[in-house]
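Participant: Give the three-dimensional model of this entry:
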Amino acid sequence: MKSMRFGILSDTHGLLRPQVLPLLADCDHILHLGDVGDDKILDALTAMAPITAVRGNIDRVGRCAQLPETEIVSACGVLLYLLHDRQQLDLVPEAAGLAAVISGHTHQPLLEWRRGVLFLNPGACGPRRFRLPVSCARLDVNSEGQLTPQLISVSE
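Facilitator: Predicted coordinates for the structure are as follows:
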């Protein structure tokens, strides 16, 4: 089983910044954590790599409204749990055998480990809100299932 590189973004709110695309170019799979805001963003990302996306609170029309609220992605023997708002998490990640909980919604980048589980929020890479950074993330999963996350600032 080969390693995998995930490009992770959230809260595009209808804006896929051109500066984000090179950051996703070498990714095997793209994860979008909701508040996509425009079906064209799904099309653009799908043209780059396979994509798994979940619905955010603003995704109310078109294909974005049809996205699931949660997804589980299996990579190199580990499970990644995707949802838009971590406050909606209704399971115990370590008991469920999850390696990571990946969410968006807050627009604040977060990378922390709790009880052996990675909690990752790439922040937002759509329109800037308040003084929060514009960011996304990568996650490398090696052939033994070890996770190496990285938060990435997006230049404006």
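
Participant: What are the boundaries of the helices in the chain?
Facilitator: Applying DSSP state H to the chain gives helices spanning 21-24, 39-46, 62-66.

Participant: Of those, which shows the lowest average pLDDT?
Facilitator: Of all the helices of the chain, helix 21-24 carries the lowest average pLDDT, namely a mean of 93.

Participant: Please save the CA atoms from that one in CSV.
Facilitator: The C-alpha trace of helix 21-24 is given here as CSV (Å, rounded to 0.1, in the frame of the first residue of the first chain):
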residue,chain,number,x,y,z
LEU,A,21,-4.4,25.4,-6.9
PRO,A,22,-0.5,24.9,-6.9
LEU,A,23,-0.8,23.7,-3.3
LEU,A,24,-3.1,20.9,-4.4
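
Participant: Which positions within it qualify as buried?
Facilitator: Neighbour counts over helix 21-24 (16 or more other CB atoms under 10 Å) mark Leu23, Leu24 as buried. Just so you know, the C-beta spots here come from the backbone N, C-alpha and C atoms, and that holds for glycine as well.

Participant: Check which helices and strands that helix is in contact with.
Facilitator: Applying 3 or more CB pairs under 8 Å, 6 or more residues apart in numbering; DSSP states H and E, we find helix 21-24 packed against strand 4-9, strand 135-141.

Participant: Throw those strands into CSV and include mean neighbour count and mean pLDDT, thanks.
Facilitator: CSV is the format used below for these (neighbours: other CB atoms under 10 Å; pLDDT from 0 to 100):
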stretch, mean neighbour count, mean pLDDT
strand 4-9, 24, 98
strand 135-141, 23, 97
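
Participant: Quick one, which of those strands gets closest to Val117.
Facilitator: Val117 lies closest, by CB to CB, to one member of the helices and strands packed on helix 21-24: strand 135-141, at 13.2 Å.

Participant: how far is the closest one from where the chain is centred?
Facilitator: Taking CA atoms, centre = their mean, to the nearest Å, one finds strand 135-141 lying 8 Å from the centre of the chain it belongs to.
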